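Enquirer: show me how the following folds:
(one chain, ligands or ions: 2)
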Amino acid sequence: MKLTEINLYKVNMKMKNPFTTSFGTEHDRLFLLVEIKNEEGLSGWGECVTSEQPLYIEEFTESSWIMLHKFLIPLILNKEINHPDELQEFFKHYKRNNLAKSALDAAVWDLYAKSKGITLAEALGGDSTTIEVGISLGIEENIDTLLENIKQKTEEGYKRIKIKIKPGKDVEVVKVIREHFPDIPLMVDANSAYTLDDIDTLKQLDQFNLMMIEQPLTAGDLIDHAKLQKELKTPICLDESIHSYDDARKAIELGSGRIINMKIARVGGLTQAKKIHDLCEKAGIPMWCGGMLESGIGRAHNIAITSLANFTLPGDTASSSRYWDKDIIEPEVVAQHGVLHLPTKPGIGYDVNIDEVRKHTIEVKSFN
Ligand SMILES: O=C(O)CCC(=O)C1=CC=C[C@@H](O)[C@@H]1C(=O)O
Ligand SMILES: [Mg+2]
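Expert: Ligands and ions are numbered 1, 2, ... in the order given. Prediction:
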């Protein structure tokens, strides 16, 4: 197929509630959408899940906007492509910028699946028809607010609760949660807020029967995580340390963690995500799909990849209503009792509500 037209949308969507992690609070999402058309007029969609500031990762919305229109889009515009994997060859000389690359990769995968008349999950080789869903809850100033959030989400049936921690808001918070909810599947995410100097604090978390401790140490680190994992009973889950197949391979070899949080964008797209999935499956490393506060478009890609066999732990693909008053896809994503049914229409399986996209769009660039 020929990639005859590419539209880049800069979008600002207001979140229902602010989301706080160890590195800051997000109130709004300023991100990018990519629409790629082929010669038959079919559209594939991808989301560039950057934030306004480079806090989670070095990319940010303005940097990806430039990366996409100045460097990446010209590489693929009007090119003939037989399979989305071919994008890797086009992008290989540009370092990192995985979130920007991923937006194009995701749109081409959607377009490819639509052109074949199959679902994105099928195109990726996934065969689950339902997936289990957990939820990620931000840091709260007041512990009662967090307890209330956990109660509500547990009652809604989410299959695991992830809370964010940071120094000073860790052991005591988890202790109180466990007093109220001794048995819920619970995990914590530190977003790289600790160092090996905090080993005593991190070891105290072992007493709470947590499913995992996500990214306790520096983003990109594998060595210190391996040292820490040897001291902990609780599995470490890597997020900001895994940006590529090689990172995953080295993490497995070093024993830097026992679980991987797969974020499609962080590894540069679905082609890489699938490769890492297959590697982890062989190595016996379970995975789950992490969220980036996506709109329905990014969420739809997350749902599709979760249909692969080694996504054995509940992911972050909560209902659209978790973040949005109204999502930009139809129907919206709805998890019932912590379970989502995969869509059956070709491609991402949800219709993009273009009026809703336009309502939130602050800038568009079109290429053909
Ligand atoms: O999309 C979701 O529901 C998950 C939200 C979440 O936990 C995260 C989103 C974006 C960056 C990080 O703070 C983070 C994570 O580390 O997993
Ligand atoms: Mg994380």
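Enquirer: ok, the residue lying closest to Ala273 once chain neighbours are set aside to Trp288 distance?
Expert: Closest residue in space to Ala273, ignoring its immediate chain neighbours: Ile264 at 4.8 Å, by CB to CB, 6 or more residues apart in numbering. All C-beta spots, glycine's among them, are computed from the backbone N, C-alpha and C. Note on Ile264: its distance to Trp288, by CB to CB, to the nearest Å, is 12 Å.
Enquirer: who has more neighbours out of those two?
Expert: Neighbour count, other CB atoms under 10 Å: between Ile264 and Trp288, Ile264 has more, with 32 against 28.
Enquirer: ok, that one touching Leu270?
Expert: Yes. The pair Ile264 / Leu270 is scored as a contact, 5.8 Å apart, by CB atoms under 8 Å.
Enquirer: now the common contact residues for those two.
Expert: Listed as contacting both Ile264 and Leu270 by CB atoms under 8 Å, 6 or more residues apart in numbering are Ser102, Ala106, His301, Ile305.
Enquirer: scan those residues and report the most crowded one.
Expert: Each of these was scored by neighbours using other CB under 10 Å; the highest score is Ala106's, at 34 neighbours.
Enquirer: which strand or helix spans that residue?
Expert: According to DSSP states H and E, Ala106 maps onto helix 98-116.
Enquirer: report the buried residues of that helix.
Expert: Of the residues in helix 98-116, 98-115 count as buried by neighbour count, 16 or more other CB atoms under 10 Å.
Enquirer: and the helix or strand that it is followed by, what does it pack onto?
Expert: Following helix 98-116 in sequence order, the next helix or strand is helix 120-124 (DSSP H and E). The contact analysis (3 or more CB pairs under 8 Å, 6 or more residues apart in numbering; DSSP states H and E) places helix 120-124 against helix 98-116, helix 296-305.
Enquirer: so what's the residue in the stretch 1-150 of the chain positioned nearest to ligand 1 bridging to?
Expert: Here the stretch 1-150 of the chain gets closest to ligand 1 at one residue, Ser136, 3.6 Å apart by CB to the nearest ligand atom. Beta bridges link Ser136 to Lys162, judged by DSSP bridges.
Enquirer: pLDDT score assigned to it?
Expert: For Ser136, the pLDDT comes out at 96.
Enquirer: and Asp170, how many residues sit next to it?
Expert: Number of residues near Asp170 (other CB under 10 Å) recorded here: 24.
Enquirer: need the contact list for the closest residue to it other than its chain neighbours.
Expert: Once flanking residues are discounted, Asp170 sits nearest to Thr201: 6.2 Å by CB to CB, 6+ apart. The contact partners of Thr201, by CB under 8 Å, 6+ apart, come to Pro167, Asp170, Val171, Tyr194.
Enquirer: let's verify the closest residue to the third one other than its chain neighbours: helix, strand, or coil?
Expert: Closest residue to Val171 apart from its sequence neighbours, by CB to CB, 6+ apart: Gln204 at 4.8 Å. Assigned with DSSP: H, G, I helix; E, B strand; the rest coil, Gln204 falls in the helix class.
Enquirer: correct me if wrong: Gln204 contacts Val173.
Expert: No. Judged on CB under 8 Å, Gln204 makes no contact with Val173 at a distance of 11.8 Å.
Enquirer: who's more crowded, the two?
Expert: Remark: of Gln204 and Val173, Val173 carries more neighbours, 20 against 14, as counted by other CB under 10 Å.
Enquirer: give me the phi and psi for that one.
Expert: Phi and psi for Val173, reported as degrees, to the nearest 10, are phi -60, psi -50.
Enquirer: now do it against Lys275, distance only.
Expert: On the measure of CB to CB, Val173 and Lys275 end up 37 Å apart.
Enquirer: again, but for Leu68
Expert: In terms of CB to CB, Leu68 sits 23 Å off from Lys275.
Enquirer: more neighbours: these two, which one.
Expert: Taking other CB under 10 Å, Leu68 and Lys275 do not tie; Leu68 has more neighbours (24 against 16).
Enquirer: secondary structure class for that one?
Expert: helix.
Enquirer: flag every residue of the stretch 151-300 of the chain that's near ligand 2.
Expert: Residues of the stretch 151-300 of the chain lying near ligand 2 by CB under 5 Å from the ion: Asp189, Glu214, Asp239.
Enquirer: and these, which of them are buried?
Expert: For those, buried by 16+ other CB under 10 Å: Asp189, Glu214, Asp239.
Enquirer: and of the residues you listed, the nearest to ligand 2?
Expert: The nearest member of these to ligand 2, counting by CB to the ion, is Asp239 at 3.6 Å.
Enquirer: pretty sure the closest one is touching Met212, no?
Expert: No. Contact criterion CB under 8 Å: Asp239 and Met212 do not qualify, at 10.4 Å.
Enquirer: quick one: contacts for Thr195?
Expert: Leu217, Thr218, Asp224.
Enquirer: who are the contact partners of Phe208?
Expert: Residues counted as contacts of Phe208 (CB under 8 Å, 6+ apart) are Val174, Lys175, Arg178, Leu186.
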